[in-house]
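below are the sequence and a predicted model for it; my questions follow.
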Amino acid sequence: MRKSLLKMVALSLMVLMVAGSVFGAGVQETSKDVTVNMFQLKVEIKDAIDGYAAKYSAATPGVTVKVETLGGGADYGGALKAKAQSGQMPDIFVIEGRGGYDIWKDYIADLSDQSWVADTDLAFKVDGKVYGFPVAIEGYGLAYNADILAKAGIDPATLTTRAAYEKAFQTLEAKKAQLGIDAPVSMAASVAGGMWWVAAQHNLATYWGGGLDFNDTSIIDMALNGKLDDARFLQYAKYLQLLFKYADQKILLNGSYDDQVGAFAQGKTAFLHQGNWVDPNLKQLGVTFKVGYAPHAFLDKEQKGLYLFAPSWYCVNAESPNAEAAKAFLTAMATTADGHDYMVNQAGMIPAFKSVTLQPAGQLSQALMAANAKGGNYGVFFGMLPDGAGQNVFGPIFDLFAQNQNNLDRFIADMKRAVADLPNM
Amino acid sequence: MKQSRAVNILFVAPCVFAFFMIIVIPFFFGLYYSVTDWNGVSNNVNFVGLRNFSNLANSPDFVYSFLITIAYTLINIVLINIVSFVLSLVVTSKIKRRNFYRAGFFVPYLIGGIVLGYIWQFILNNILVSLGTTYSIKFLETSFLSLPHTVIWTMAVVNTWQYAGYIMLIFVASIQSIPSSLMEAASVDGAPFISRVLHILLPMMANAFTISLFLTLTTSFKQFDMNLTLTNGGPATRFMDTPVKASQLLAMNIFNTATANRMAEAQAKAVVLFVALLVVSLIQVSVNKKKEVEM
């Protein structure tokens, strides 16, 4: 009896030891050299950022930057939570808006004193303090195939009001066979295809920010208090209806990202509702025609700007002992020639910093950069909405409107009710 | 040789350890989080009582997901069991190459749900639709996945295609364990095939049905992977005057709530799923047990 008791004690100690070694693995090693761990979610820039981190590590004695990438549909937020719970919170991580900030604010360092802050309009700010380093500028308008428009006799520069769009769509619809297109617009709105974000996030953002000052959040502030601007929303809904009506219906109701971009790249539609991130896709699909951006002009009055935003921001872990090294890494990215080369030439992004003079390769990115230099663009504020509002609330509403395109009143009533519910989310 | 207690414990310990760490402890944590406002990260967790649960009854998307999951489960149970039973009769009859058929029917089960969803999405959205347009077959021209009233049935058919082979194997094993003398005696007495199946095979297979009904019930109720890749919850439909996702089953509803950082709410939904599943499967097993025949 006593012997078995002894064995039991030994056994439970063994179990404890195993448990200890499993859970103790998160404890950081202490050494003089600092390792900055970065955890980011843009899969498409993985090689570029790995390369830049290696270059930076080699040039900076005592500092090694290690980058881990997880994204492209993988659950970045979930993985970051797991890291935080196991005591392996990275030194630099990514947030995608206000929702992310609210969750991680205990970890996010104040970056207001950094030298790059004065060089950008797109830093992530809360109450006047800077908390996020803008990863890039992304943006969108309605991308057009210049060749098709020229053949149809439409000047893209005239597309600045809803009426002008309606006329252009009618012309294209009438000349479909002659131009060899399936439909005027390649638009997606389906929950099934995973494309709710094109309609219910990006297109809806034209209502939040279109025609206003770049930092004017009055319309979305109103929505966060549960109200729509009825007159403005009616104009927006009519514009959306126009896009739906003249869209390739199969792509609209059931298409995936590849279907949507593919149709445009093959010259089967004249317009594409996507941002500059499709540049690499267009290149891959062998697009040779000229591409440009027309504004999403949904108002009765003229609108000429494109929609520009930083899709995500780098944040520095305030609780990390390596916070200063992490800040130095970000500063170098924004201010040195190597950093600029990485952002523009290696990663193919449009940097959010005005001092960068390099030109990106993609046609749509160039169009955005030109628009950014010219000014008069509109802000994109969907990041201010509560988490899940786009996917779980607006997504089905837009999908249903795409299925029943003539029911404008129903769509407006649905949106009104959904917005009235926003303050409770 | 008599085994000592310590050796027994030593063998069981790794399993018990894993079971506790991965299932038991998270389960009770989950129960706790379902009555808080936890967002997945914050250390600041407040007790909110049953608020998360009482909100569920008023949220159309959850009620809809719950009802559609029950409908999907019922369709699935009927469809899978009938198909597997017919298949098992076929592969235990005297047809040629029956081993080949057995393997063939089982193979879909080996394909993962994610891959399977994408394969069938391609078949349904592209192949069938282009067949429909080319040969002007009206009902094929729009994908079955894009219509709110067909999408659940389509999912059930795809799930049956995957799962029927597995249930078939259970039936086959059960049929083979029935003494052939029973069937032969009946056949000598002149009982036709249908009555042999109805009056001998079915009662003798009652224990297999207990298992197959339980498996189809629980897997359909918890369906997630194929749901995510095949339909992603779409298309939208109207329920309680609110647009909701027509094919968003309960597990996916929980997932979408959790990825929107509403962890406590998602956990409350998961508790509801657990309780519903527990009650229904307990009833099912106890009813089925009463029908089993002792040899």
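Thanks, I have the structure now.

now B:N159: how far from chain A?
Distance, B:N159 to chain A, using CB to the nearest CB, to the nearest Å: 17 Å. No exception for glycine: its C-beta is placed from N, CA and C like everyone else's.

surely that residue meets B:F224?
No. If you go by CB atoms under 8 Å, B:N159 and B:F224 don't touch, sitting 11.6 Å apart.

so these two - more neighbours on which side?
Counted by other CB atoms under 10 Å in any protein chain shown, B:N159 and B:F224 do not tie: B:N159 has more neighbours, with 25 against 16.

and that one, how far from A:F214?
50 Å (CB to CB, to the nearest Å).

same question for A:L368.
14 Å.

which parts of chain B sit against chain A?
Residues of chain B lying close to chain A by CB under 8 Å from any CB of the partner chain are B:4-6, B:9-10, B:13, B:17, B:39-43, B:61, B:125, B:129, B:143, B:145-146, B:231-238, B:242-245, B:256-257, B:259-262.

and the contacts of the helix or strand containing A:E68?
In the assignment (DSSP states H and E), A:E68 maps to strand A:63-69. Residues outside strand A:63-69 that contact it (CB atoms under 8 Å, 6 or more residues apart in numbering or on different chains) are A:33-43, A:46, A:49-50, A:53, A:56-57, A:90, A:325, A:328-329.

list the buried residues of that strand.
For strand A:63-69, the neighbour count (16 or more other CB atoms under 10 Å in any protein chain shown) marks A:V63, A:T64, A:V65, A:V67, A:T69 as buried.

what lines up beside that strand in the sheet?
strand A:34-40 (parallel) (DSSP bridges).

buried stuff in the partner strand?
A:V34, A:V36, A:N37, A:M38, A:F39, A:Q40.

surely the third one touches A:L80?
No. The criterion here is CB under 8 Å, and A:N37 misses it with A:L80 at 11.8 Å.

can you list residues touching both of these two?
A:P90.

for stretch A:276-295, buried residues please.
Going by neighbour count (16+ other CB under 10 Å), the buried part of stretch A:276-295 is A:N276, A:W277, A:V278, A:D279, A:N281, A:L282, A:V287, A:V291, A:G292, A:Y293, A:A294, A:P295.

do stretch A:300-312 as well
For stretch A:300-312, the neighbour count (16+ other CB under 10 Å) marks A:Q303, A:K304, A:G305, A:L306, A:Y307, A:L308, A:F309, A:A310, A:P311, A:S312 as buried.

B:N227 against B:L250, yeah?
No. Contact criterion CB under 8 Å: B:N227 and B:L250 do not qualify, at 9.7 Å.

compare those two (neighbour count), which wins?
B:L250 (27 against 24).

show me what contacts the more buried one?
B:S65, B:F66, B:T69, B:F221, B:K269, B:L273.

taking the buried residues of strand A:34-40, tell me the two that lie furthest apart.
Greatest spacing in these, by CB to CB: A:V34 and A:Q40 (18.8 Å).

get me the contact residues on chain A for chain B.
A:4, A:7-8, A:11, A:15, A:18-19, A:75, A:77-78, A:81, A:84, A:99, A:102-104, A:106, A:190-194, A:250, A:253-254, A:387-388, A:391-392, A:395-400, A:403, A:414, A:417.

among those residues, name the buried ones.
Using 16+ other CB under 10 Å, the buried ones in the residues of chain A next to chain B are A:7, A:77, A:81, A:84, A:99, A:102-104, A:190-194, A:250, A:253-254, A:387-388, A:391-392, A:395-400, A:403, A:414.

mind checking which of those residues are in strands?
Among those, no member is found in strands (DSSP state E).

list the ones among those residues that fall in helices.
Residues of these located in helices (DSSP state H): A:7, A:77, A:81, A:84, A:99, A:102-104, A:250, A:253-254, A:395-400, A:403, A:414.

just want the residue of the stretch 1-150 of chain B that's nearest chain A.
Proximity of the stretch 1-150 of chain B to chain A (CB to the nearest CB) peaks at B:A6, 3.9 Å away.

got phi/psi on that residue?
phi -60, psi -40 (degrees, to the nearest 10).

now for it, how many residues are close by?
16.

what residue ranges in chain A are flagged as low confidence?
A:1-32, A:72-73 (pLDDT under 70).

let's see 50
Scanning chain A for pLDDT under 50 picks out A:1, A:20, A:24-30.

which residues of it fall in strands?
Using DSSP E, strands in chain A cover A:34-40, A:63-69, A:92-95, A:124-126, A:129-134, A:138-140, A:142-145, A:183-186, A:269-272, A:291-294, A:307-309, A:313-316, A:378-379.

export the ones you listed as a markdown table, with columns for distance to A:L234.
Formatted as a markdown table, the strands of chain A follow (distance: least, CB to CB, whole Å):
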| stretch | distance to A:L234 |
| --- | --- |
| strand A:34-40 | 41 |
| strand A:63-69 | 44 |
| strand A:92-95 | 34 |
| strand A:124-126 | 32 |
| strand A:129-134 | 34 |
| strand A:138-140 | 23 |
| strand A:142-145 | 20 |
| strand A:183-186 | 21 |
| strand A:269-272 | 23 |
| strand A:291-294 | 22 |
| strand A:307-309 | 20 |
| strand A:313-316 | 34 |
| strand A:378-379 | 19 |
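
for B:G112, which of those is the nearest?
Across these, closest to B:G112 is strand A:63-69 (CB to CB), at 24.0 Å.

alpha carbons only: can I get that closest one in CSV?
What follows is strand A:63-69 as a C-alpha-only set of coordinates in CSV (Å, rounded to 0.1, in the frame of the first residue of the first chain):
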residue,chain,number,x,y,z
VAL,A,63,19.0,43.7,-33.0
THR,A,64,17.4,40.8,-34.8
VAL,A,65,14.0,41.2,-36.3
LYS,A,66,12.0,38.1,-36.8
VAL,A,67,8.8,38.2,-38.8
GLU,A,68,6.0,35.7,-38.6
THR,A,69,3.2,35.8,-41.2
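
B:S143 and B:L124 touch, don't they?
Yes. The pair B:S143 / B:L124 is scored as a contact, 5.5 Å apart, by CB under 8 Å.

so who does A:Q359 touch?
With CB under 8 Å, 6+ apart, A:Q359 has these contacts: A:V344, A:Q366, A:M369.

from these, which is closest to B:A208?
Nearest to B:A208 among the contacts of A:Q359, with distances taken as CB to CB, is A:V344, at 65.3 Å.

please name the nearest non-neighbouring residue to the closest one.
Excluding the flanking residues, the one nearest A:V344 by CB to CB, 6 or more residues apart in numbering or on different chains is A:L358, at 4.0 Å.
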